[in-house]
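In: Pasting a predicted model and its sequence here:
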Amino acid sequence: MPVLMVATYNEDNSVNVMNAAWGTMQARDIVALNLTETHKTVQNIKARGAFTVSIADVEHLVEADYFGAIYEKFKDENCPNPIISDKMKELSKQYTHKGFLKKKEFEEETLWTLYSLQDGVTSVSPEKYKNRGNGSLRFIESFYNLKGCNASKLSKMTLQSGKANIVFDGKYPVTESMVKGEKYRVLTFNSSGNIEDKPDNKYVKCSEFFFPGTFIHAYIYL
């Protein structure tokens with residue numbers, strides 16, 4: 001499946017580029033895209049009635065995904081969802097107090113990237129776009145359901161964003177947790193199911209490798 005770069009213009013004429021995987025060429029002059037209606041890209045297409053599509057190749061992998069790591073989106077002082085970024089900052093304080101944050105092992109970027117996967121967490125404004133922040137868990141659950149049960153060949157998926165590295169192989173499933181009387185789905189990579197407890201360092205860690213964006217790599221044995 002090709003990686004498509006969908007470019008549009010914002011209201012102020014600045015360029016907006018979306019890295020999209022759900023799309024394909026149906027003919028020489030027809031491109032089919034499967035985009036969520038609440039994405040800014042879709043809003044721009046409706047407003048302008050125009051967009052461009054470019055296909056990324058291996059030689060331009062870094063450039064194609066050079067739109068910031070997950071951590072950078074939430075760390076930005078102009079993050080459209082300050083409520084979530086404030087929760088991340090508070091969680092960082094708790095991890096610092098408990099001595100969980102360690103340079104080159106488990107840094108703030110690692111923690112925030114893990115938190116970004118949780119139910120209801122999104123960097124977009126909750127006032128503009130409702131019901132966002134559950135796509136990551138749905139994607140992970142789809143992998144768990146697809147990966148099969150071959151004990152001799154372990155299916156594994158890895159997410160790399162910035163220096164944060166998270167591995168999924170099914171050992172830690174998506175569970176449900178009650179937060180202030182409301183039920184949320186969480187993936188904490190620990191036995192307590194509490195994001196405030198440190199995750200398993202074999203699965204969630206700080207990598208020596210830095211990637212200026214986010215990519216997912218998977219081996220799936222059916």
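Out: That came through, no problem. Numbering: from 1, shown residues only.

In: What segments of the protein are helices?
Out: For the chain, applying DSSP state H gives helices covering 40-48, 61-64, 70-75, 82-98, 108-116, 135-146.

In: Okay, and the beta partners of residue 219?
Out: With beta bridges defined as DSSP bridges, residue 219 has these partners: residue 156.

In: got the contact list for it?
Out: 155-157 (C-beta atoms under 8 Å, 6 or more residues apart in numbering). Just so you know, the C-beta spots here come from the backbone N, C-alpha and C atoms, and that holds for glycine as well.

In: For the spatially closest residue to residue 184 that is not a sequence neighbour, grab the count of nearby residues.
Out: Nearest non-adjacent residue to residue 184, counting by C-beta to C-beta, 6 or more residues apart in numbering: residue 119, 4.4 Å away. Using other C-beta atoms under 10 Å, residue 119 is surrounded by 19 other residues.

In: cool, residue 116 as well?
Out: 21.

In: which residues does it contact?
Out: Per C-beta under 8 Å, 6+ apart, neighbours of residue 116: 70, 74, 123, 136.

In: rerun at 7 Å
Out: Taking C-beta atoms under 7 Å, 6 or more residues apart in numbering, we find residue 116 in contact with 70, 74.

In: So for the residue nearest to residue 184, what's the pLDDT?
Out: Looking at residue 119, its pLDDT is 90.

In: same thing with residue 54?
Out: Residue 54 is given a pLDDT of 84.

In: how far away is it from residue 35?
Out: 15 Å (C-beta to C-beta, to the nearest Å).

In: picking up where we left off before, you'd agree the residue nearest to residue 184 is up against residue 186?
Out: Yes. Look at residue 119 against residue 186 with C-beta atoms under 7 Å: they come within range, at 6.4 Å.

In: Flag the shaky bits of the chain, pLDDT-wise.
Out: The chain contains residues with pLDDT under 70 at 1-2, 60-68, 128-133, 148-152.

In: Tell me the one among the contacts of residue 219 nearest to residue 90.
Out: For those, the residue nearest residue 90 by C-beta to C-beta is residue 157; the value is 29.1 Å.

In: re the thing from before, export the helices of the chain as a markdown table, with columns for distance to residue 9.
Out: As requested, these are exported to a markdown table (distance: least, C-beta to C-beta, whole Å):
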| stretch | distance to residue 9 |
| --- | --- |
| helix 40-48 | 6 |
| helix 61-64 | 19 |
| helix 70-75 | 21 |
| helix 82-98 | 26 |
| helix 108-116 | 27 |
| helix 135-146 | 25 |
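
In: Out of those helices, which is closest to residue 164?
Out: Judged by C-beta to C-beta, the one of those that comes nearest to residue 164 is helix 108-116, at 3.7 Å.
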